[in-house]
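A.B. asks: kindly return the folded structure for what I paste below:
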Amino acid sequence: MRGSRGDGASSLEVVIRWGARGALPLLAGAWLAGCTVGPDFKGETPWWQPTSWSGTRPTAPVEKVSQPVAAPLDPKWWDQFQDPELSALEQRVASENLDMRIADMRLGESRSQLGITQANQYPILNADGSYSHQYLSPNGVVGLFPPAGATSYGGGFGGIAPGTTGTSFGSSGGSASGTAGTLGAIPLQGHTIPPFNLYQYGFDAAWEVDFWGQVRRQVEAAKAMVQATEDERRDSLVSIEAELARDYINLRGVQRTIAITEENLASANQSLDLTRQRASGGLTTDLDVANAEAQASNIAAQLPPLREQEGQLINALSQLLGRPPGALKAELAEAKPIPPVPPQVPMGLPSELARRRPDIRAAEASLHAATAQVGVAISDFFPNVSLTGSFGISALNAYQLGSLRSEQYGVGPTVSLPIFHGGQLVSTLALRKQQQKEAALTYQKTVLQALNDVDNALISYHTEQQRLAELAKTVEAGRRALDLARQRYVQGVATFLDVLTAQSVLLGAEVQQALSTALVSTNLVALYKALGGGWEQTYPDQPVAAAAGNPSL
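C.D. replies: Numbers count the residues shown, from 1 in each chain. The predicted structure follows:
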């Protein structure tokens, strides 16, 4: 029989009502007085921001040089090369490159982790139900309880039942005698419970009150990691776009070198035919014929390695687009000019670099996450408050499941205060602070590396243009020298060795000119990569959104 009050409410209901009333003020107080411990991240400002790039001017005057200008950086910088095929490949790489698809998956993982962390802000509610058919052994726990009609107890476990004579020993060590019963630890004779059915269902709820802002700091760190992963994806895109442009330009450079070599081979064969004709007329010796044959064979031997490079570059471009080897051969096998550099190169301002380069942005987001984790570690030193509650039905018969007497409740707060953890909390806080300092140094290093990348790319871009200008003069002089050597050889004034020498010099100069032309363009690609552009339209900048619009499973 349950105890009751004068108003008819059971003692259990009184406890439940008190618990509910007591929990609400505690919850309200926690909500109103809640705070967020730990340092707040205020964003990093690079400690050194140059007002201009030190490498923006060439060290020597060069005619028709391509000059950087302080204009906004074109997000589609590859269009500056005026090569439709390059632009078409760049448009495909973001969606077809496998590394970018892997980066997409990593970003999805990071967002899912944010959703897991955000879920800790909400209560947990579970529903459960069960049915069981049970039989309790009289030799088990049932024997500890007296059967109906018992009138005497010998202590905490002893019991005397009418009908038999025995002695019962209590838990205090004393004894009592009576007319019925058994030893307290021995089941009472005839005391059994028949098999029964047990039906149960209900709801359980739990909520950890974020009194000190631990969960808020965890969510803050998770959002920062999503931002870092997003910027790492952007950084991957910038690198892949630059790699594709570099391979494409190198391919066109190799194809130009092949064309130059084939032209020189044709010229060498003409010289060989001329030498043979002169030898047949007695105007020259067989030595000149042998030298002409050696020259032609030497030039022809340079073609297979060049064609090997051509095939490898086509395969590299195919791989960047997630295609098997040779898949782009039909598109790229036809030789086309090396993409030229524009007369002006928009670079933006140095102050914009930290906001544009994805690796700097990722380093800053990682520092933000590390700072938030310091707050998480600090919150572990404070009490943990959680609220739990349950409501359910328990009955021996199915028809009793709707009865109010079958209800059962439970509600109340739980407070956990750290007392002794063997130095774990202190060490964890020290670890988080060291990780924050490491992230700050990594950020500084990333900024410094970015500034060096831009400046070095500018230096390389300008110096290679100077070299290309000198090579153009070399090629022009080499062509004049070859024409003069041939004329003098035909006139009998010069030897065939003079022709071979002039031909070798011209071939080397033309090949170097082609390679330098490609290198100027690839150096511009390196400059664009150092500036960090190329991701703005594919992955536009936007705040990290919540992982889920509404709390759910």
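A.B. asks: just the strands in the protein please.
C.D. replies: 67-69, 124-134, 166-169, 175-178, 196-209, 344-346, 384-395, 407-416 (DSSP state E).
A.B. asks: counting by contacts, list what the last one packs against.
C.D. replies: Yep, that's strand 407-416 we're talking about. helix 11-33, strand 384-395 (3 or more Cβ pairs under 8 Å, 6 or more residues apart in numbering; DSSP states H and E). All C-beta spots, glycine's among them, are computed from the backbone N, C-alpha and C.
A.B. asks: looking at those, which has the lowest confidence?
C.D. replies: Between those, the lowest average pLDDT goes to helix 11-33, which shows a mean of 41.
A.B. asks: ok, back up a step: can you put the strands of the chain in JSON lines and add mean neighbour count?
C.D. replies: Below are these laid out as JSON lines (neighbours: other Cβ atoms under 10 Å):
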{"stretch": "strand 67-69", "mean neighbour count": "16"}
{"stretch": "strand 124-134", "mean neighbour count": "10"}
{"stretch": "strand 166-169", "mean neighbour count": "20"}
{"stretch": "strand 175-178", "mean neighbour count": "16"}
{"stretch": "strand 196-209", "mean neighbour count": "15"}
{"stretch": "strand 344-346", "mean neighbour count": "17"}
{"stretch": "strand 384-395", "mean neighbour count": "17"}
{"stretch": "strand 407-416", "mean neighbour count": "14"}
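A.B. asks: quick check: residue 215 touching residue 209?
C.D. replies: No - look at residue 215 against residue 209 with Cβ atoms under 8 Å: they stay out of range, at 9.4 Å.
A.B. asks: show me what contacts residue 221?
C.D. replies: 117, 368-370, 372-373, 376 (Cβ atoms under 8 Å, 6 or more residues apart in numbering).
A.B. asks: determine which two of those residues are furthest apart.
C.D. replies: Greatest spatial distance among the contacts of residue 221 (Cβ to Cβ): 117 and 370, at 15.5 Å.
A.B. asks: which stretches of the chain form helices?
C.D. replies: 11-33, 84-96, 98-119, 214-280, 286-300, 303-320, 329-332, 353-356, 358-379, 424-490, 496-531 (DSSP state H).
A.B. asks: now those helices in TSV, with distance to residue 137?
C.D. replies: Shown next, in TSV, are the helices of the chain (distance: least, Cβ to Cβ, whole Å):
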stretch	distance to residue 137
helix 11-33	29
helix 84-96	68
helix 98-119	43
helix 214-280	47
helix 286-300	99
helix 303-320	71
helix 329-332	81
helix 353-356	74
helix 358-379	49
helix 424-490	45
helix 496-531	78
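A.B. asks: where among those is the average confidence lowest?
C.D. replies: helix 11-33 (a mean of 41).
A.B. asks: what sits closest to the residue nearest the centre of the chain if chain neighbours are left out?
C.D. replies: Centroid-nearest residue in the chain, with Cα atoms, centre = their mean: residue 229, separated by 3.6 Å. Using Cβ to Cβ, 6 or more residues apart in numbering and skipping the chain neighbours, the partner closest in space to residue 229 is residue 110 (4.0 Å).
A.B. asks: tell me which residues touch the one you found, please.
C.D. replies: 222, 225-226, 228-230.
A.B. asks: if we go to 6 Å?
C.D. replies: 225-226, 229 (Cβ atoms under 6 Å, 6 or more residues apart in numbering).
A.B. asks: equivalent analysis for residue 208, please.
C.D. replies: Counting by Cβ under 6 Å, 6+ apart, residue 208 has contacts residue 386.
A.B. asks: ok, now residue 442?
C.D. replies: residue 363.
A.B. asks: which residue sits closest to residue 66, ignoring its sequence neighbours?
C.D. replies: Excluding its sequence neighbours, the residue lying closest to residue 66 (Cβ to Cβ, 6+ apart) is residue 341, at 4.5 Å.
A.B. asks: number of residues surrounding that neighbour?
C.D. replies: Look at residue 341: counted by other Cβ atoms under 10 Å, it has 22 neighbours.
A.B. asks: if I look at it, how far off is residue 298?
C.D. replies: 33 Å (Cβ to Cβ, to the nearest Å).
A.B. asks: next one: residue 211
C.D. replies: 83 Å.
A.B. asks: picking that back up, can you list the contacts of residue 110 in TSV and add distance to residue 456?
C.D. replies: Output for those, formatted as TSV (distance: Cβ to Cβ, whole Å):
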residue	distance to residue 456
225	31
226	32
229	28
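A.B. asks: closest to residue 526 among those residues?
C.D. replies: residue 229 (25.4 Å).
A.B. asks: isn't the closest one right next to residue 107, touching?
C.D. replies: Yes - in this structure residue 229 lies within contact range of residue 107 using Cβ atoms under 6 Å: 5.0 Å.
A.B. asks: between those two, which contacts overlap?
C.D. replies: What both residue 229 and residue 107 touch, as defined by Cβ under 6 Å, 6+ apart, is an empty set.
A.B. asks: does residue 240 touch residue 97 like I think?
C.D. replies: Yes - counting by Cβ under 6 Å, residue 97 is a contact partner of residue 240 at 5.5 Å.
A.B. asks: give me the neighbour count for the nearest residue to residue 528 once chain neighbours are set aside.
C.D. replies: Take residue 528 and drop its neighbours on the chain: the residue closest to it by Cβ to Cβ, 6+ apart is residue 77, 4.4 Å away. For residue 77, the neighbour count with other Cβ under 10 Å is 23.
A.B. asks: please apply the same query to residue 299.
C.D. replies: Around residue 299 there are 21 residues (other Cβ under 10 Å).
A.B. asks: which residues touch it?
C.D. replies: Contacts of residue 299 (Cβ under 6 Å, 6+ apart): 264-265, 268.
A.B. asks: what's the closest of these to residue 383?
C.D. replies: Out of these, the member with the shortest distance to residue 383 (by Cβ to Cβ) is residue 264, at 84.4 Å.
A.B. asks: the closest one and residue 476, how far apart?
C.D. replies: Residue 264 is 16 Å from residue 476, by Cβ to Cβ.
A.B. asks: and the chain, what are its domains?
C.D. replies: As assigned by automatic domain parsing, the chain contains the domains 70-122+212-260+306-381+424-531, 136-193.
A.B. asks: how about the residue lying closest to residue 367 once chain neighbours are set aside, what does it touch?
C.D. replies: Nearest non-adjacent residue to residue 367, counting by Cβ to Cβ, 6+ apart: residue 439, 4.1 Å away. Going by Cβ under 6 Å, 6+ apart, residue 439 touches 366-367, 370.
A.B. asks: out of those residues, which comes closest to residue 447?
C.D. replies: Distances from residue 447 to the contacts of residue 439, taken by Cβ to Cβ, are shortest for residue 367, at 11.4 Å.
A.B. asks: now the closest one: how far from residue 449?
C.D. replies: Residue 367 is 15 Å from residue 449, by Cβ to Cβ.
A.B. asks: how much space separates residue 531 from residue 245?
C.D. replies: Residue 531 is 13 Å from residue 245, by Cβ to Cβ.
A.B. asks: higher neighbour count, the two?
C.D. replies: Counted by other Cβ under 10 Å, residue 531 and residue 245 do not tie: residue 245 has more neighbours, with 28 against 25.
A.B. asks: you'd agree the more buried one is up against residue 525?
C.D. replies: Yes - look at residue 245 against residue 525 with Cβ under 6 Å: they come within range, at 4.6 Å.
A.B. asks: phi and psi next, for residue 194.
C.D. replies: phi -70, psi 160 (degrees, to the nearest 10).
A.B. asks: so who does it touch?
C.D. replies: With Cβ under 6 Å, 6+ apart, residue 194 has no contacts at all.
A.B. asks: tally of neighbours for residue 195?
C.D. replies: Neighbours around residue 195, by other Cβ under 10 Å: 8.
A.B. asks: and if you look at residue 118?
C.D. replies: 18.
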